[in-house]
Structure formats: structure tokens, C-alpha cells
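Chemist: following is a predicted model, sequence given first.
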Amino acid sequence: MSKLTKKQKLAFGKVDSEKLYSLKDASALVKEITSVKFDASVDVDVRLGVDPRKANQMVRGVVSLPHGTGKEIRVLVLCTPDLEAAAKEAGADHVGLDEYIEKIKGGWTDIDVIITMPAIMGKIGALGRVLGPRGLMPNPKSGTVTNDVATAVKEVKQGKIDFKVDKAGIVHTAVGKVSFSEDQIRENAKEFLATINKLKPSAAKGIYIKSIFLSSTMSPGIKIDPKSLDEN
């Protein structure tokens, strides 16, 4: 690790690595210890007691954060011409079909989410090599393959995110920005964690939520007491 700045040393000194914090206290502390000059992202990391290599222990889902992500999400809609106007009106940044498929084949991925319709998935399959590694492949489970593309655009723009457990059994997602109020951070994190709880696979044995950490860009992780999630 590179040498810590004075501000980072102070921040690390304020977090007790042995302590379990309530979600409420952690949401206040993460704002206090963030020393970067930009509006840093606030992230939650959850280590789960699952084996993601087994299909029946895969945890993936979608959640609508009550206060959005604080991030401008760039949306591309690949659809037939009859739906283009509705997609644009709903707030899509890019709308079209063949010309965007060609752009993506050429390596263009200057977007955060792609929404498309079932009838077009055959054309998009060929883009898997470019989109797969970047997590941009549309998926019916995350609501990004639908005939109602306008509603899907609105939901994504308002803070709907999808997540899945990685190979190490960790789910990582951003739940806001440091500029959010402590209540907004707490409510977003609580909604995300409640969704993960509901997705517990019946095949997972033992402790499901092993640890939860809240952090921001460059800040130390604050360990959260899972029992505090039921507090208002």
C-alpha cells in the first residue's frame, strides 16, 4: 500500500477495525472519514456464506435504491424503430439498432446500461465478447430485456441497479455518494441489504451474511453489525 496522507491517517484512526458499527453510525462515519476532494462513491461489500460456483447458490438480483445512486447512468436502448421515440422520451442517452451494434463490434462501450427487447437478443448475442467482460450484456432477470423499454429506462435512471455475487462470494455495489445525507446513505444501504437477505438460496447452509463493510473511495472499511439492519 502506498504511504497514507495525513488526512487518510486521521480517517483510519477514527475507525475501530475490531468494532461492529450500527448501520446508522456507519452512515455518519463514512461521510466524516472521506478525505478525497471529489464526491466519492459510497460502497457496500457483503461477504456471503454461499458457493457461487454452484448454480443453486448463485445470488443475483435487482434493487431500486430509494434515493438513487447519485451517478449519471448512461443508457443505450437497442430497439426497433417503432419504440425509438418512447425510449428517447423516457430519458435514454442513445437509441438505435444496427449502427450501435456496429459501433460496439468496433469496441465502443461508452455506456453504463444496455436495454433491449426479446426479439433483438439474437442480434446482440454476437456482442457477448465485448459486452460480457464489462457486465453490459442485457439480461431478462435484471429487467434489461423487455418489450416495455421506456419503463426500463425510467427505472434505471431513477436508481434501479442489478448486482450479483462474485467468485469469492462477495456482493459489491455503490449505494450513493458522500454528498448524500447520512439518512439517504443508510436508507439506500438498508434497501440493498434487505434485498440480499430475501435472495438467500435454500441450498446455502450456515451463516448467510458473514460480514458487511461500508466504505467510500479511499476510506477504510467500516464493519457493520448485521443485527443493526432491523433498526429504524
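Modeler: Alright, I've got the coordinates. Numbers count the residues shown, from 1 in each chain.
Chemist: got a list of what residue 145 touches?
Modeler: Residue 145 makes contacts with 115, 116, 117, 118, 121, 138, 139, as judged by Cβ atoms under 8 Å, 6 or more residues apart in numbering. C-beta coordinates here come from the backbone N, C-alpha and C atoms, glycine included.
Chemist: cool, and residue 199?
Modeler: 59, 60, 61.
Chemist: how many neighbours does the second one have?
Modeler: In this case it means residue 60. Using other Cβ atoms under 10 Å, the number of residues around residue 60 comes to 14.
Chemist: wait, it sits on residue 173?
Modeler: No - counting by Cβ atoms under 8 Å, residue 60 stays clear of residue 173, with 11.5 Å between them.
Chemist: how about low-confidence regions in the protein?
Modeler: The chain contains residues with pLDDT under 70 at 1-5, 7-8, 11-12, 231-232.
Chemist: and the helices in the chain?
Modeler: For the chain, applying DSSP state H gives helices covering 6-14, 23-33, 84-89, 98-105, 121-124, 128-131, 149-157, 182-198.
Chemist: quick check: end-to-end length of stretch 87-107?
Modeler: 23 Å (Cα to Cα, to the nearest Å).
Chemist: go on, stretch 112-122?
Modeler: End to end - Cα to Cα - stretch 112-122 spans 21 Å.
Chemist: what of stretch 84-103?
Modeler: 18 Å.
Chemist: go ahead and name everything in contact with that stretch.
Modeler: Taking Cβ under 8 Å, 6+ apart as the rule, stretch 84-103 contacts 74-81, 111, 115, 120, 123-124, 126-127, 149-151, 153-154, 157.
Chemist: circling back: pull the most distant pair out of the contacts of residue 145.
Modeler: 117 and 139 (13.0 Å; Cβ to Cβ).
Chemist: looking at the two, which has the bigger crowd around it?
Modeler: Between residue 117 and residue 139, counting by other Cβ under 10 Å, residue 117 is the more crowded of the two (19 against 15).
Chemist: what sits against that one?
Modeler: Neighbouring residues of residue 117 by Cβ under 8 Å, 6+ apart: 78, 79, 80, 83, 145, 146, 147, 149.
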